[in-house]
Structure formats: structure tokens, C-alpha cells
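Peer 1: 3D model of this:
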Amino acid sequence: MRYCLFSQSFFSGIFAKCKNPGIRLVILLLFFLLTGSALAQPPLELKDIQGRKINPVGWQGKWLIINYWASWCDSCAKEIPQLNLFYQRNKKQLILLGVNYDNLSIQNLANVINAMHISFPVLQSDPGSALGLPKIEVLPTTFIINPQGKIIKELLGPQTANSLERIIHDSR
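Peer 2: Numbers count the residues shown, from 1 in each chain. This is a model prediction of the structure:
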């Protein structure tokens, strides 16, 4: 529940008494700005390919690594074993999420994940716009986001487990 000094009934009372359309618009804008109703966004809801919800609340205090890949990308295929190793070494300290660039159906995505032996979580859909990530122009692309939610690196091209660990270590 959101508490606000100005209640809806306060604004609706003033709004009902006012006949000037310009002032009515200002009253509506003030209501939305002061109550946050105009800015309210639905919570970010992410799911992995098994349909399990991935709750961003669990990311608090952890590094977030988001890797964009595609099955037709040779560099991506070469990078996957390194990402698997990185995930196995660090899964208690950070979140690693894969995103398929081609936006495949869940069944096709599951088949590709199995064929490529991906062992880290892969999302059903691209969270890029919701997280404010730049447009993907090169594959693979990896974003490293610090525990405060700031993008500290956009890495283009294949990475290794050691290079990712070094970047996180050097950024602390």
C-alpha cells in the first residue's frame, strides 16, 4: 500500500468543482505525480525455459551477468563451455542469465540449449528493454551489472571464465 499526503478523494473533490479544462488537466497531472500512479510500472517478471519465475529481488547484493547468444553464432558456441564453467564456480555469489538473440519458441529454445549443453539459466524472453540494456549489435554480448544495479561492462565477443572473474574482481 502506498501512503500519500494527498488522497484521491482530495483531488477528485477539487477536480469535480473545477470547470476550467486547463486547470483540470493540471490537477490530474499533480495527482499522478504526487501519488506515483502515472509512473507505476509492473514488476519485472522473468521466466526460465522451464517456466520457473526468476525473481529480481533475489539479485540484490549480487553481480548480474547477462549473456546474449545464438545457435548459429560460432563464437557463442565456443563461449558456452566457458560460461558453464564460470557459472559452476560462481553461482552462489552471482546471477548468470542467458538470452537467446533469435527469440525462439520455448520448445526450439529447449532443443538448442540441450544441443549446446548450456547449464546456466536461459530466459524465455529478452529482458533488455526492461533492464535498460543497450541494443545488441554483436554476438556474443555480455553485460556485467554490479550489485548496485549499474552496468559496468558491455563485453563484445567471446569471454572466458577467467576473464569474467577478473573483471568482477577488478571492479569491486
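
Peer 1: Name the secondary structure element that contains Ile95.
Peer 2: In the assignment (DSSP states H and E), Ile95 maps to strand 94-100.

Peer 1: Please enumerate the helices of the protein.
Peer 2: For the chain, applying DSSP state H gives helices covering 8-17, 21-35, 74-90, 106-116, 128-131, 161-170.

Peer 1: mean pLDDT for those helices: which is lowest?
Peer 2: Mean pLDDT values for the helices of the chain show the minimum at helix 8-17, a mean of 50.

Peer 1: what's near enough to touch the residue lying closest to Glu79 once chain neighbours are set aside?
Peer 2: Spatial nearest neighbour of Glu79, chain neighbours left out: Pro158 (3.8 Å); criterion: CB to CB, 6 or more residues apart in numbering. Heads up, the C-betas are built off the backbone N, CA and C, glycines and all. Pro158 sits next to Ser75, Cys76, Lys78, Glu79, Gln82, Pro140 when contact means CB atoms under 8 Å, 6 or more residues apart in numbering.

Peer 1: Touching, the fourth one and Thr141? I think so.
Peer 2: No: with contact taken as CB atoms under 8 Å, Glu79 and Thr141 are classed as non-touching, separated by 10.6 Å.

Peer 1: Pull up the overlap in contacts between the two.
Peer 2: In contact with both Glu79 and Thr141: Asn67, using CB under 8 Å, 6+ apart.

Peer 1: check contacts around Thr142.
Peer 2: Ile65, Ile66, Asn67, Tyr68, Lys153, Glu154, Leu155, Gln159, Leu164.
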